[in-house]
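K.L.:
what shape does this take:
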Amino acid sequence: LRADSPTRRVGAAPSREFASVRHAIAMLSLANAFSDEEVQDFARRIRERLRRDDLEFSLEPKFDGLSIELVYENGVLVAAGTRGNGTIGEDVTDNLRTVKTVPLRLRETPGLPIPSLLEVRGEVYLPLAGFEELNSRREEAGEPLFANPRNAAAGSVRQLDSTITASRPLRFFAYAWGEMSALPAATQMGMVE
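P.N.:
Got it, this is the predicted structure:
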């Protein structure tokens, strides 16, 4: 059975606890800015630290879910971990294999070779429509409703039984990277693209 076989999306038998994964490069939290002044202060600090004035910024959506790192070796998903404390997270590989927007094997793109080691960072989240559908199913089954999509997504990924994770309409959005054997782009937007 190949590591990228679609049959691997089904999941494994429930385990008693999650193993730990160590991040090669710390997974840090994003800082928030709630005013123009805070954004300007952020830009000033970056200019000072880099000793440059010619900066370009990219703006990206922020999803409120669970931070995840996917590890690919030679284009095949081999591990997935939560951020945890930034250095050590929980191994949720079996559960992430069930999320349909997580590729089990990366596709070659002309002119953009796949690095032999690629750590992709992103967010597992529950779209609002999926959250409402999940709560509707829970209500019909007489189960307690989830309070919000973020907690529902995090709880769904941290299930010991991956079939529960597979039953939830989760999505993954990639936005950053960790360790990588070769950097395919020189800018944040280049990496995202």
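K.L.:
which helix runs longest in the chain?
P.N.:
Determined from DSSP state H, the single longest helix within the chain is helix 36-50.
K.L.:
roughly how far is the next helix or strand after that helix from the heart of the chain?
P.N.:
Heading C-terminal from helix 36-50, the first helix or strand you meet, by DSSP states H and E, is strand 66-73. Relative to the mean C-alpha coordinate of its chain, strand 66-73 is positioned 6 Å out (C-alpha atoms, centre = their mean, to the nearest Å).
K.L.:
now swap in stretch 149-156 and tell me
P.N.:
The answer for stretch 149-156 is 13 Å, by C-alpha atoms, centre = their mean.
K.L.:
use 49 as the first number for this chain going forward.
P.N.:
Done: numbering now begins at 49, and the last item shifts to stretch 197-204.
K.L.:
what average pLDDT does it get?
P.N.:
Regarding stretch 197-204, the rounded mean pLDDT is 94.
K.L.:
mind listing what's buried in it?
P.N.:
By 16 or more other C-beta atoms under 10 Å, the buried positions in stretch 197-204 come out as 197, 198, 200, 201, 202, 204. Every C-beta, even on glycine, is put in place using the N, C-alpha and C of the backbone.
K.L.:
would you reformat those as JSON lines and include secondary structure?
P.N.:
What follows is the buried residues of stretch 197-204, written out as JSON lines (DSSP: H, G, I helix; E, B strand; the rest coil):
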{"residue": "197", "secondary structure": "helix"}
{"residue": "198", "secondary structure": "helix"}
{"residue": "200", "secondary structure": "helix"}
{"residue": "201", "secondary structure": "helix"}
{"residue": "202", "secondary structure": "helix"}
{"residue": "204", "secondary structure": "helix"}
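K.L.:
tell me which residue is most central in the chain.
P.N.:
residue 170 (2.9 Å; C-alpha atoms, centre = their mean).
K.L.:
in three-state terms, label that residue for me.
P.N.:
Assignment for residue 170 (three-state DSSP): strand.
K.L.:
contacting residues for it?
P.N.:
Residue 170 makes contacts with 115, 116, 118, 220, 221, 222, 223, 224, as judged by C-beta atoms under 8 Å, 6 or more residues apart in numbering.
K.L.:
make TSV from these and add neighbour count, distance to residue 106 and pLDDT to it.
P.N.:
Listed next are the contacts of residue 170 as TSV, based on neighbours: other C-beta atoms under 10 Å; distance: C-beta to C-beta, whole Å; pLDDT from 0 to 100:
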residue	neighbour count	distance to residue 106	pLDDT
115	22	19	94
116	25	21	96
118	25	21	98
220	22	20	96
221	15	15	93
222	16	14	91
223	17	10	87
224	18	12	88
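K.L.:
picking up where we left off before, for the residue nearest to the centre of the chain, which non-adjacent residue is spatially closest?
P.N.:
Closest residue in space to residue 170, ignoring its immediate chain neighbours: residue 222 at 3.9 Å, by C-beta to C-beta, 6 or more residues apart in numbering.
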